[in-house]
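build me a structure from this.
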Amino acid sequence: MFEGFVTRDVAVNGTRLRCRIGGDGPPMLLLHGHPQSHVMWHRVAPTLTSQFTVVCTDLRGYGDSQRHPPDADNAIYSKRTMATDMVGLMAHLGFDRFSIVAHDRGARVAHRLALDHPSQVDRLMVLDVAPTLAMYEQTSDSFARAYWHWFFLIQPAPLPERLIEADPQAYVRDVMGRRHAGLAAFAPEALAEYSRCISIPGTAAAICGDYRASAGIDLVHDREDRVAGNRILSPLRVLWGAEGAVGQCFDVLGLWRPLAETVSGRALDCGHYIAEERPEVLLDEITAFLTPSS
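So this is what the prediction gives:
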């Protein structure tokens with residue numbers, strides 16, 4: 001799925017990250033969502049290598065990156081820690097400034113990266129997310145039913161971990177297959193990778209640590225930014241699925257506008273998994289946004 005890419009394991013910030021690098025040109029970091037891995041970019045990344053140096057990586061706790069036992073406040077899976085991972089990875093590869101295209105959980109890492117490391121981010125595109133703090137503060141019945149996993153995964157250990165580990169592949173199929181496009185949206189080899197990786201020991205604990213951090217320490221950091229008036233300085237492009245719960249439950253663009261200096265975006269005719277449901281449209285969007293006319 002990633003012909004021409006080089007696969008590497010890179011040790012940074014106290015963790016080991018699996019990544020794939022390909023292409024030539026301005027550097028671009030692609031970050032995945034839950035319960036996936038960097039493989040979610042397989043319909044997009046190869047085409048982008050004709051114009052960009054593309055780095056696809058697994059977040060800590062996901063894919064083939066290292067899993068860490070969660071700590072007391074889940075700081076080891078805070079978006080601040082995970083953003084520092086990404087800055088370290090890109091610096092290790094020789095890139096001190098880069099653009100980011102990020103989906104779902106990866107977009108929350110990218111949001112924090114753009115706030116904490118503004119000089120490293122050239123341009124930022126986020127896919128099918130509203131700001132975490134706003135989503136928690138504006139949770140509705142419809143959103144809670146659609147994003148039940150947000151509230152399941154933050155339950156105290158070991159309940160969610162035990163239930164996921166009882167049948168991890170069923171968890172992947174249920175979380176992904178119940179959305180707009182169903183499982184038909186995913187290539188069999190990609191779905192097999194998601195199923196393989198979630199079955200790696202320690203994955204359930206890592207996923208829960210990620211979500212518990214988002215409902216805890218990450219909100220502390222987000223509220224601190226709100227009080228301080230910190231905003232994303234790089235140009236921000238926001239895309240979301242018209243058939244997805246985020247777009248149907250929130251004013252996505254309206255929630256991002258107060259948080260960034262320059263914001264644009266639109267809904268696409270698809271559900272949550274934009275890179276796998278509408279890769280051609282996403283490629284056009286990425287190319288137009290990351291190579292603006294002079």
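
pLDDT on the helix or strand harbouring residue 80, on average?
If you go by DSSP states H and E, residue 80 is part of helix 79-92. Mean pLDDT, computed over helix 79-92, is 98.

what does the helix or strand following it contact?
Downstream of helix 79-92, the next assigned helix or strand under DSSP H and E is strand 98-103. The contact list for strand 98-103 (C-beta atoms under 8 Å, 6 or more residues apart in numbering) reads 26-33, 40, 52, 55, 90, 109-110, 113-114, 120-129, 273-275, 286, 290. C-beta coordinates here come from the backbone N, C-alpha and C atoms, glycine included.

may I have strand 98-103 exported as CSV, CA atoms only?
Extracted C-alpha coordinates of strand 98-103, given in CSV (Å, rounded to 0.1, in the frame of the first residue of the first chain):
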residue,chain,number,x,y,z
PHE,A,98,6.4,21.3,8.2
SER,A,99,2.7,21.2,7.3
ILE,A,100,0.3,18.8,8.9
VAL,A,101,-2.8,17.0,7.7
ALA,A,102,-4.5,15.2,10.5
HIS,A,103,-7.6,13.2,11.1
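
I'd like to know how many residues surround residue 120.
20 (other C-beta atoms under 10 Å).

that one contacts residue 96, doesn't it?
Yes - counting by C-beta atoms under 8 Å, residue 96 is a contact partner of residue 120 at 6.6 Å.

need the nearest residue in space to residue 19, chain neighbours excluded.
Of all residues not flanking residue 19 in the chain, residue 57 sits nearest, at 3.9 Å (C-beta to C-beta, 6 or more residues apart in numbering).

surely that neighbour touches residue 89?
Yes - contact criterion C-beta under 8 Å: residue 57 and residue 89 qualify, at 6.1 Å.
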